[in-house]
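Trainee: the following comprises the amino acid sequence and a computationally predicted model.
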Amino acid sequence: MLSRLLEAHELILADCHDAAARAQEMGDDGTNDFLVSDVVRTDEPQAWFVAEHLVDTSPVHA
């Protein structure tokens, strides 16, 4: 469950980085600021925290 949560955070962060770069290229400072300040800066520490609690092991199959 935690690995799926981390994957979701990483997908959101990748999309937000791309969207922020496009907004900056288009001169949309408000959207860029929102994405970087409110989404990326909030989500990156959460992703890091989840990643620190994962152990690199193989999934157990019953």
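Mentor: Yep, it's here.
Trainee: residues near residue 40, how many?
Mentor: 16 (other CB atoms under 10 Å). All C-beta spots, glycine's among them, are computed from the backbone N, C-alpha and C.
Trainee: for the helix or strand bottoming out on mean pLDDT in the chain, packing partners?
Mentor: Least confident element among the helices and strands of the chain, by mean pLDDT, DSSP states H and E: helix 41-52 (a mean of 90). The helices and strands touching helix 41-52, judged by 3 or more CB pairs under 8 Å, 6 or more residues apart in numbering; DSSP states H and E, are helix 2-25.
Trainee: in the helix it packs on, which residues are buried?
Mentor: For helix 2-25, the buried set under the neighbour-count rule, 16 or more other CB atoms under 10 Å, comprises 6, 9, 13, 16, 19, 20, 23.
Trainee: okay if I get the residues you listed as a markdown table plus pLDDT and distance to residue 31?
Mentor: Converted to a markdown table, the buried residues of helix 2-25 look like this (pLDDT from 0 to 100; distance: CB to CB, whole Å):
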| residue | pLDDT | distance to residue 31 |
| --- | --- | --- |
| 6 | 90 | 26 |
| 9 | 91 | 21 |
| 13 | 94 | 16 |
| 16 | 95 | 11 |
| 19 | 96 | 8 |
| 20 | 95 | 8 |
| 23 | 96 | 4 |
